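>>> I'd like to go over a predicted model; first the sequence, then the structure.
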Protein chains: 2
Amino acid sequence: MGSIAVEEPKFVDLTHHLAPEVLVRKTNPLKDIIRISLENPHLVSLANGDPHHSLYPIRRVNYEVASVADEDPVSTWRSLGASAPTETLTAPQDTLHKASLAYGHGAGLADALRTVTELNVAYHHAPHHVATMTLGNADAITKVFRILGAHGDHFLADEFTFGPMPIAAEAHGVKWVPVRIDAGGIIPEELEKVLAHWDYKRGKRPHVLYTVPCGQNPTGSTLSLERRNQIYDIAKKYDLIIVEDDPYYFLQYDPPNTEAPSTQKPFPLSFLSLDVDGRVVRIDSFSKIMAPGLRLGWITSQPAFQAHLIRYIDLSTQHPSGFPQALVTLLLEGWGLAGFDRWVRSLRLDYQRRRDFLLGLFEREVARTGLASVDVPEAGMFLWIRVHIEKHPRFRRVEHAPEEKGMRGPQTNARQLMQELFEACLKGGLVIVPATVFLLPTEEGYEEAGAVHIDDRSNFLRATFAGSEETMAAGMPILGKVLREFFADAPKKPEDAPST
Amino acid sequence: MGSIAVEEPKFVDLTHHLAPEVLVRKTNPLKDIIRISLENPHLVSLANGDPHHSLYPIRRVNYEVASVADEDPVSTWRSLGASAPTETLTAPQDTLHKASLAYGHGAGLADALRTVTELNVAYHHAPHHVATMTLGNADAITKVFRILGAHGDHFLADEFTFGPMPIAAEAHGVKWVPVRIDAGGIIPEELEKVLAHWDYKRGKRPHVLYTVPCGQNPTGSTLSLERRNQIYDIAKKYDLIIVEDDPYYFLQYDPPNTEAPSTQKPFPLSFLSLDVDGRVVRIDSFSKIMAPGLRLGWITSQPAFQAHLIRYIDLSTQHPSGFPQALVTLLLEGWGLAGFDRWVRSLRLDYQRRRDFLLGLFEREVARTGLASVDVPEAGMFLWIRVHIEKHPRFRRVEHAPEEKGMRGPQTNARQLMQELFEACLKGGLVIVPATVFLLPTEEGYEEAGAVHIDDRSNFLRATFAGSEETMAAGMPILGKVLREFFADAPKKPEDAPST
């Protein structure tokens, strides 16, 4: 038997993507001294000013967590409530517990890193990328934007997207360029069009693509493997970094009304799985699969980016709290990878039931009005409801925007009507989110000649199925009723509204 | 009985200190929608995409913590070890536990905020300032620097300071201006001199002073109340924000060899206590009094700064993990404020014993050489050892630096000799930190004509007494021996070194 050739990572040098702030950032000279202590344990060290561990007033932390012995543990957990079986996890005193209470490495606790690396290998087959613990996705994304985004840089993102993240980067001078999406997410041809026809008068060509590939927020779309491959090829061709924000990775569903949902079906390939160059920075979170209050997640990247991330972490937040890091370590140990897999598959089944429940309600209460429709989301937490605003009696075409600017304004009054509809929902007793809230903040002039203006395509509402069945059951009839009334226009007495 | 007049806060509007990045930062439009849900609980909300709490796999977390029933609980905790009495704290299911696992407010959990506000009122008599939870002081300081520091701004700091924090701000364009310090910390007259004689060719006058008022790192100095008042007056006069970084506040000591340490003596007044204008941003941490791995602290400021801080937190790290927030809440509830006070007073007694132990060793093993001396630190974790470098046989005056630059270079070879001494310590088996590691990174030319150059005043070493007695007992004899050998110069055979 010959020796097995270990595949070496041959990541491309992509450090030219880093912002000047990163390159200016010095290392802490004290760290060099402390490194001497760490690397030479025989030396007597009076260097570190760390509190002595015998002075921490915390003897032990016990985490009582769900058992995953069943085939469908989430269902057991929910149905049995307070009497559902649990197991108690406790960090060993002299290793994990002690480390979790002390100052640690910027990348996170060694045990926690081992844990998430195990997940990376199992689900993304990415043994050569490295993990860095984060405080959840908002922290991770904004840190990545900060190290990649210089003042005046352009970043690409889905034209409807989760707003806070672009806003965070805008504050340090990043400009956003929208990419057209459809029910399948980013349209690769549209992405390439933006890059191929980039107007350099705007500045440097965009060098970062930010996207949520599964269960996109707000549209619920999921990129097919074919599109992922196409997008990755475009990223190679135009030298893009792909920031893959994937909080809903584990919440991917079967088509509705699947007789026996196949809990064993594999999870689709992520961008990370395809990343031969090291141009994907993947962002994972425990918020959706454990609990958001943990404030824990991880970034996966090629090592060169990690080095700069850690330097930034050391000079900003430091590593995450030891408690959530210890918990996920213990959980993955206690449950085992197989138990973890059972939990997340069972969880996706639960959310799938919620999705199907909301879809059923939507069908019965809303779709029958003929005034709205949905695509079935394959992942995530959201239904993206298309309102057939063109059926509204006051829907009309409007004046063109000035052509001299080389772009077209909205062609209809759809945006105004959607705002009225949102207000009518509130008045009717329902809070639901209008598409305009998710519009990528951009400069003017990205509308192609002949293309339908984004305002004319903002005829959507986002509804979540993450909440309780009671809320969904209460909400959909309101939406149906409000739609009927609104499309009948000016219904003074709600009872009189025609049921279309 | 008449009604009690409640003193209204009359903070000065200081928002002109905010960096442009802060003012550019938009709010998240989704938050406005979610606010509608929160403020109108009768509405059905399909807006929030939060995971349903029944899906968190964490039933309960039990924290086993030190009992504070004794008068000197830290001593009991350390001497009894594993058999020391503990109490177990558990968050109530439907309130704190549930909230700690969910998404929360950027400022932190309401319970945790109530807890630290109680500490602010008890120790700093600052009922009108507001608290914001942080991930510890590195996070807090760098966030404050980010919201106050525009590119090209000048900040003031002690000429020797804990390096990473200035380095963090340098990366976004803040320039540092050193303030002369002595054994009592910042010299108010020197601070005023910098401001009164500011050369506007350098840019805007410094508008932020960053300082560690108690047990300064690295020098161990503590500002007297008289100096605090003087510095606060200067801050008013020159419109400075004072960033009071005070991790060692609770670790303030009696003079050495105090017969009966008065555990009941009050803590000195902080800058926050003096802050009538709202120009102090105070930064506290649980790292030194609980455990650094919690990654929890808080910022105290006037409300106008908090609003911008929260906006930044919402678009970066989000709130701290729910676990450490729940723990400190439970701890302060379980111990009570009186129990907390017993713990921190007992803790300072413990560190005071460590300080006195190191001072005793220093006296016996080092001071007797006549080659080094110390001032007694009144707080913190560090001994700042002055090396009498002028006694070294190779110590000499050097050439002046070019006078045409309007400044003077080092006048001696002290810095070179100190570097050699550091290396001799390493070779001798001791890691100790040279002063140059703590030099505030600055531009050239802040040396006053006639003043002694900072390089000529960098003849210090920092040693910690936070470690174990064994380490201290091993370290000081090495330092004494190395000093004797080094000052004898070129001791080929260490045995031959004269014992001065």
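Done, it's in.

>>> Where do the helices of chain A begin and end?
Per DSSP state H, chain A carries helices over the ranges A:20-24, A:29-39, A:73-80, A:98-101, A:110-124, A:137-148, A:164-170, A:188-196, A:225-237, A:271-274, A:303-314, A:322-365, A:414-428, A:469-488.

>>> buried sites along the last one?
Right, the one you point to is helix A:469-488. Buried residues in helix A:469-488, defined by neighbour count with 16 or more other Cβ atoms under 10 Å in any protein chain shown: A:471-472, A:474-488. Every residue, glycine included, has its C-beta placed from N, CA and C.

>>> any idea how chain A splits into domains?
A:97-257+A:265-347, A:349-496 (automatic domain parsing).

>>> Any regions of chain A where pLDDT drops low?
Applying pLDDT under 70 to chain A picks out residues A:1-9, A:261-263, A:400-408, A:490-500.

>>> contacts for the lengthiest strand in chain A?
With secondary structure taken from DSSP state E, chain A has its longest strand at strand A:58-66. If you take Cβ atoms under 8 Å, 6 or more residues apart in numbering or on different chains as the criterion, strand A:58-66 is touched by A:73-74, A:77, A:84-91, A:93, A:97, A:101, A:323, A:326-327, A:330-331, A:334, A:343, B:57-66, B:84, B:86, B:290-291, B:327.

>>> ok, of these, which come out buried?
Among these, those classed as buried by 16+ other Cβ under 10 Å are A:73-74, A:77, A:84, A:86-87, A:89-91, A:97, A:101, A:323, A:326-327, A:330-331, A:334, A:343, B:57-59, B:61-63, B:65-66, B:84, B:86, B:290-291, B:327.

>>> Minimum distance to chain B, which residue of the stretch 151-300 of chain A gives it?
A:G293 (3.4 Å; Cβ to the nearest Cβ).

>>> so what's that residue up against?
Contacts of A:G293 by Cβ under 8 Å, 6+ apart are B:99-104, B:321-323.

>>> of those residues, list those near chain A.
For chain A, the contacts drawn from the contacts of A:G293 by Cβ under 8 Å from any Cβ of the partner chain are B:99-104, B:321-323.

>>> biggest separation within these, which pair?
B:Y103 and B:F323 (14.6 Å; Cβ to Cβ).

>>> Pull up the residues of the stretch 351-500 of chain A that are close to chain B.
Applying Cβ under 8 Å from any Cβ, we find that the stretch 351-500 of chain A lies next to chain B at A:381-382, A:426, A:429-433, A:437-438, A:441, A:462-464, A:466-468, A:471-472, A:474-475, A:478.

>>> Leaving out chain neighbours, which residue sits closest to A:P393?
Distances taken as Cβ to Cβ, 6 or more residues apart in numbering or on different chains place A:D489 nearest to A:P393, at 4.8 Å, with adjacent residues excluded.

>>> ok, so what distance separates the one you found from chain B?
A:D489 sits 23 Å away from chain B when distances are taken as Cβ to the nearest Cβ, to the nearest Å.

>>> Tally up the residues packed near that residue, please.
11 (other Cβ atoms under 10 Å in any protein chain shown).

>>> A:F362 too?
Applying other Cβ under 10 Å, we find 23 residues neighbouring A:F362.

>>> again with A:N257
9.

>>> So it sits against A:D356, correct?
Yes. At 7.3 Å, A:N257 counts as touching A:D356 under the criterion of Cβ atoms under 8 Å.

>>> which of the ones next to chain A among the contacts of A:G293 tops the neighbour count?
When the ones next to chain A among the contacts of A:G293 are compared by neighbour count (other Cβ under 10 Å), B:G322 ends up highest, at 31 neighbours.

>>> Ignoring the adjacent residues along the chain, who's closest to that residue?
The spatial neighbour of B:G322 that comes closest, neighbours along the chain excluded (Cβ to Cβ, 6+ apart), is B:S100 at 3.0 Å.

>>> Please apply the same query to A:Y56.
The shortest distance from A:Y56 to any non-neighbouring residue, by Cβ to Cβ, 6+ apart, is to B:A291 (4.0 Å).

>>> Need the phi and psi values for that neighbour.
For B:A291, the backbone dihedrals (degrees, to the nearest 10) come out as phi -160, psi 140.

>>> From B:L89, how far off is it?
Distance of B:A291 to B:L89, computed by Cβ to Cβ, to the nearest Å: 15 Å.

>>> How about A:N257?
For A:N257, the distance to B:L89 - Cβ to Cβ - is 48 Å.

>>> again with A:E21
A:E21 is 42 Å from B:L89, by Cβ to Cβ.

>>> just A:M381 next, same as before
From A:M381 over to B:L89 the distance is 33 Å, taken as Cβ to Cβ.

>>> Equivalent analysis for A:R415, please.
For A:R415, the distance to B:L89 equals 52 Å [Cβ to Cβ].

>>> where along the stretch 151-300 of chain A do the strands fall?
Here the stretch 151-300 of chain A has its strands, by DSSP state E, counting those that start in this stretch, at A:154-158, A:175-179, A:181-182, A:185-186, A:208-211, A:241-245, A:280-285, A:297-301.

>>> Give me the angle between the first one and helix A:225-237.
Taking axes from the mean of the first three to the mean of the last three Cα atoms, to 10 degrees, one finds that strand A:154-158 is oriented at 170 degrees with respect to helix A:225-237.

>>> Who are the packing partners of strand A:154-158?
helix A:164-170, strand A:175-179, strand A:208-211 (3 or more Cβ pairs under 8 Å, 6 or more residues apart in numbering or on different chains; DSSP states H and E).

>>> could I get these as a markdown table with mean neighbour count and distance to chain B?
Output for the helices and strands packed on strand A:154-158, formatted as a markdown table (neighbours: other Cβ atoms under 10 Å in any protein chain shown; distance: least, Cβ to the nearest Cβ, whole Å):
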| stretch | mean neighbour count | distance to chain B |
| --- | --- | --- |
| helix A:164-170 | 23 | 4 |
| strand A:175-179 | 23 | 12 |
| strand A:208-211 | 26 | 14 |
